[in-house]
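K.L.:
curious how this folds, go ahead:
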Amino acid sequence: MPSHRQNSLPLWPLCCQTLAFAQLWHVVKMRSEISHLIDNEITRNYWIWAAIALCAALILTAIYSPVLSLILQLEKPGAIGWAIILQ
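P.N.:
This is a model prediction of the structure:
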């Protein structure tokens, strides 16, 4: 019987990575309804951007560090995986 994992992306790590980046970008959407889409109290806060950068760096470190990716059972998503994660 052929394996369904042949020629397919690893779904569980891909889902976790997608969720992690979606949670990072969710804070940017938490602006007031009457504020401007681009220039608002959230996008002007440097602490928020620093926190997003730090968290993104930690996620990327977990994915691309051989020791951490082995412990956390993460796989490198590749070009197609990153397209799915960041869409």
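
K.L.:
when you work out contacts or count neighbours from here on, use the C-alpha atoms and nothing else.
P.N.:
OK.

K.L.:
for stretch 22-30, measure first residue to last.
P.N.:
13 Å (C-alpha to C-alpha, to the nearest Å).

K.L.:
so what touches it?
P.N.:
Stretch 22-30 is contacted from outside by I42, T43, I52, C55, A56, using C-alpha atoms under 8 Å, 6 or more residues apart in numbering.

K.L.:
burial count for the residue nearest to the second one when sequence neighbours are not counted?
P.N.:
In this case it means T43. In space, and not counting its chain neighbours, T43 is closest to V28: 6.8 Å by C-alpha to C-alpha, 6 or more residues apart in numbering. A count of neighbours around V28, defined by other C-alpha atoms under 10 Å, yields 17.

K.L.:
what about V28, distance to L37?
P.N.:
10 Å.

K.L.:
same check, this time on C15
P.N.:
Taking C-alpha to C-alpha, one finds C15 at 28 Å from L37.

K.L.:
from I84, how far off is W25?
P.N.:
W25 is 15 Å from I84, where distance means C-alpha to C-alpha.

K.L.:
contact partners for the residue nearest to the spatial centre of the chain?
P.N.:
Note on the chain: the residue nearest the mean C-alpha position is F21, at 2.4 Å, using C-alpha atoms, centre = their mean. Residues near F21 by C-alpha under 8 Å, 6+ apart: A56, I85, L86.

K.L.:
so which bits of the helix or strand encompassing it are buried?
P.N.:
Using DSSP states H and E, F21 falls within helix 11-26. By 16 or more other C-alpha atoms under 10 Å, the buried positions in helix 11-26 come out as P13, L14, Q17, T18, F21, L24.

K.L.:
check the offset of the helix or strand hosting A79 from the chain's centre.
P.N.:
Element membership for A79 (DSSP H and E) is helix 78-86. Averaging C-alpha positions (C-alpha atoms, centre = their mean, to the nearest Å) puts helix 78-86 10 Å from its chain's average.
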